[in-house]
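Chemist: Here is my input, please return the structure:
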Amino acid sequence: MRTRRKIIEIDEALCNGCGECVPSCAEGAIRVVEGKARLVSERYCDGLGACIGACPTGALRVVAREAEGFSEEAVAERVQAAANKASVACPSARVQGFSGGGRGGERVEGEAVSVSPSALSHWPVQIRLTPPTAPFLEGADLLIAADCVPVAYGGFQALLDGKVVMIGCPKFDDGNAYVEQFAAIFRTAEVKRVTVVVMEVPCCQGLPIMVAKGMARACKQIPIEKVVVSLRGEVLERAAFEGVVQSAVTAPAPG
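Modeler: Residues are numbered from 1 along each chain as shown. Okay, the predicted model is just below:
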């Protein structure tokens with residue numbers, strides 16, 4: 001039923017598609033579509049405006065207008081559906097551990113060619129395909145990377161050495177599902193530390209926020225380091241990331 005109530009309005013002219021608003025909406029009401037933040041459905045938005053402070057361009061505001069009523073049941077179903085989709089078994093999700101990383105060799109037209117060995121120690125590597133119960137996550141030094149980073153950054157293998165890697169795209173994937181996935185991992189595995197590597201582009205900057213948000217929901221405090229890589233493969237920043245981690249101190253225990 002439609003009624004007059006408060007709801008988020010997005011000014012597309014001001015939105016730069018950075019995605020920082022996505023993890024700030026616990027209900028998953030916002031997604032980045034074709035480079036712009038958009039309201040997925042009116043019934044997912046509670047109108048409280050928790051996402052407004054995360055927007056660097058002022059593209060979000062709360063307005064009062066005719067809209068479909070907010071539905072907690074619909075939100076719960078959406079979150080559960082996302083979790084179910086992530087856990088659907090497929091060949092790429094089969095958990096494997098490798099001893100000593102990759103062999104570092106290949107053949108081109110019958111001739112052996114020597115290449116640098118891979119530091120990858122496990123499979124899968126996609127954020128959405130990694131089960132929170134995967135053995136390689138226990139006690140891990142976790143490396144979470146935007147999936148453009150390994151292409152741009154020549155030193156990625158050195159950065160990966162000794163770490164458990166997870167990659168994904170914070171712009172095109174469901175940010176709320178990422179937050180829930182990270183929360184499940186931090187609740188289940190005793191992760192020692194986290195390094196988040198992103199590109200310098202605005203749409204990447206939501207990834208460390210999603211990680212910190214998931215950590216807060218899991219009521220855990222784990223050191224997070226943020227590394228920013230330029231489009232030319234240079235490290236522009238490497239520093240501790242605070243984000244919303246401190247809220248884990250006062251966050252309620254998971255229900």
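
Chemist: check contacts around Gln142.
Modeler: In this structure residue 142 is Leu, not Gln. Residues counted as contacts of Leu142 (Cβ atoms under 8 Å, 6 or more residues apart in numbering) are Lys163, Val164, Val165, Met166, Val191, Lys192, Arg193, Val194, Thr195. Just so you know, the C-beta spots here come from the backbone N, C-alpha and C atoms, and that holds for glycine as well.

Chemist: can you check Ala67 too?
Modeler: For Ala67, the contacting residues are Arg2, Thr3, Arg4, Arg5, Ile7, Glu42, Cys45, by Cβ under 8 Å, 6+ apart.

Chemist: From the contacts of Leu142, list the buried ones, please.
Modeler: Restricting those to buried positions leaves Lys163, Val164, Val165, Met166, Val191, Val194, Thr195, with burial counted as 16 or more other Cβ atoms under 10 Å.

Chemist: Which residue ranges of this protein form helices?
Modeler: Taking DSSP state H to define them, one finds helices in the chain at 72-87, 149-152, 156-160, 175-188, 206-217.

Chemist: Of those helices, which stretch is the most buried?
Modeler: Per-stretch averages of neighbours, counted by mean count of other Cβ atoms under 10 Å, single out helix 206-217 among those, with a mean of 26.

Chemist: That helix vs helix 175-188, what angle?
Modeler: Here the directions of helix 206-217 and helix 175-188 differ by 50 degrees (axes from the mean of the first three to the mean of the last three Cα atoms, to 10 degrees).

Chemist: Need the residues that contact helix 206-217.
Modeler: The set of residues that contact helix 206-217 without belonging to it, under Cβ under 8 Å, 6+ apart, is 18-20, 22-24, 54, 144, 146, 168, 170-171, 175, 178-186, 194, 196, 198, 221-222, 224, 226, 241-245, 247-248, 251, 254.

Chemist: Now a PyMOL select for only the buried ones of these.
Modeler: One line in PyMOL is enough to select the buried members of the contacts of helix 206-217, burial here meaning 16+ other Cβ under 10 Å:
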select buried, resi 18+19+20+22+23+24+54+144+146+168+170+171+175+178+179+180+181+182+183+184+185+186+194+196+198+222+224+226+241+243+244+245+248
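
Chemist: quick revisit: got a winner among the contacts of Ala67 for most neighbours?
Modeler: The most crowded member of these, judged by other Cβ atoms under 10 Å, is Cys45 (26 neighbours).

Chemist: Tell me which residues touch it, please.
Modeler: With contact taken as Cβ under 8 Å, 6+ apart, Cys45 is in contact with Ile7, Ile8, Cys25, Glu27, Ala29, Leu39, Ala67, Phe70.

Chemist: how far away is the closest residue to Gly28 other than its chain neighbours from Gly69?
Modeler: Counting by Cβ to Cβ, 6 or more residues apart in numbering, the nearest residue to Gly28 once its immediate chain neighbours are dropped is Asn176, at 3.4 Å. For Asn176, the distance to Gly69 equals 20 Å [Cβ to Cβ, to the nearest Å].

Chemist: Over to Phe186?
Modeler: Using Cβ to Cβ, one gets 33 Å for the distance from Phe186 to Gly69.

Chemist: again with Trp123
Modeler: 44 Å.

Chemist: Ok, Arg128 next?
Modeler: When distances are taken as Cβ to Cβ, Arg128 and Gly69 turn out to be 30 Å apart.

Chemist: higher neighbour count, these two?
Modeler: Using other Cβ under 10 Å, the more surrounded residue of Arg128 and Gly69 is Arg128, with 19 against 11.

Chemist: So that one is in contact with Gly168, correct?
Modeler: Yes - contact status for Arg128 versus Gly168: in contact at 6.7 Å, counting by Cβ atoms under 8 Å.

Chemist: What is the nearest of the contacts of Leu142 to Pro150?
Modeler: Distance to Pro150 across the contacts of Leu142 (Cβ to Cβ) is lowest for Val165, with 8.9 Å.
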